[in-house]
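*Asks:* mind folding the following:
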Amino acid sequence: MTAVVTNAGNEDLRGRIVAFVPRLRRFCRGLAGGRSDVADDLLQAAVERALSRIDQWQPGTSLENWMLKLASNLYIDQLRREKVRGISVDIEEAYELPSPDELERMEFRSELAAVEAALAEMPPELRMVMTSVVLDGQSYRETADLLAIPIGTVMSRLSRARQFIETYVRRGPERMVAA
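*Replies:* Residues are numbered from 1 along each chain as shown. Coordinates of the predicted model:
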């Protein structure tokens, strides 16, 4: 036997639904794993469904549990849809995805940052030779004269500096100490 809910009763139920929204939001956020955008969409769908199907609520039962069940069912339906259709991507978000060229630039910047970090960690005598020859473009002879060291030492230090950078970039700074 289903009781008929009057207009005055509908207003009271709507007020209870609105009062329950903060708790329902926490529940939706928990279902969505903390993803606030998914949780907000789920919350909106649950409240919309509760308001549009308020006549399906059984008086004498818990309105809050009914709404939690609506949100839970909507979330399960969403998971099933994603499993069948795959996850949809908003067109606005698709424009934010990096292109292959952008990925190359990001990788280059990452490698450049690693090389800069390696230069900062490099022993000063190696850094001076590397800076003079590679960054400043000086010849081995000019670097030897500048630093007042033999040209063979310039070549040796440059070789060790290049090895240091290669090892640093490949292994990462946290493992350089152990090497």
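*Asks:* for Arg170, see how far away the spatially most central residue of the chain is.
*Replies:* Centroid-nearest residue in the chain, with CA atoms, centre = their mean: Arg35, separated by 11.2 Å. Arg35 sits 35 Å away from Arg170, taking CB to CB, to the nearest Å as the criterion. No exception for glycine: its C-beta is placed from N, CA and C like everyone else's.
*Asks:* just Glu82 next, same as before
*Replies:* 38 Å.
*Asks:* next: Pro123.
*Replies:* For Pro123, the distance to Arg170 equals 18 Å [CB to CB].
*Asks:* for the chain, name the helix or strand with the lowest mean pLDDT.
*Replies:* Within the chain, no helix or strand scores below helix 91-96, which has a mean of 61 by mean pLDDT, DSSP states H and E.
*Asks:* can you list contacts of the helix ranked longest in the chain?
*Replies:* Using DSSP state H to define each element, the chain has its longest helix at helix 7-31. Under the criterion CB atoms under 8 Å, 6 or more residues apart in numbering, residues 5, 36, 39-40, 42-43, 46-47, 50-51, 54, 57, 63-64, 67-68, 71-72, 75 lie in contact with helix 7-31.
*Asks:* please, a PyMOL command that selects the buried ones among the residues you listed?
*Replies:* A single PyMOL command selects the buried members of the contacts of helix 7-31 (16 or more other CB atoms under 10 Å):
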select buried, resi 39+42+43+46+47+50+54+57+63+67+68+71+75
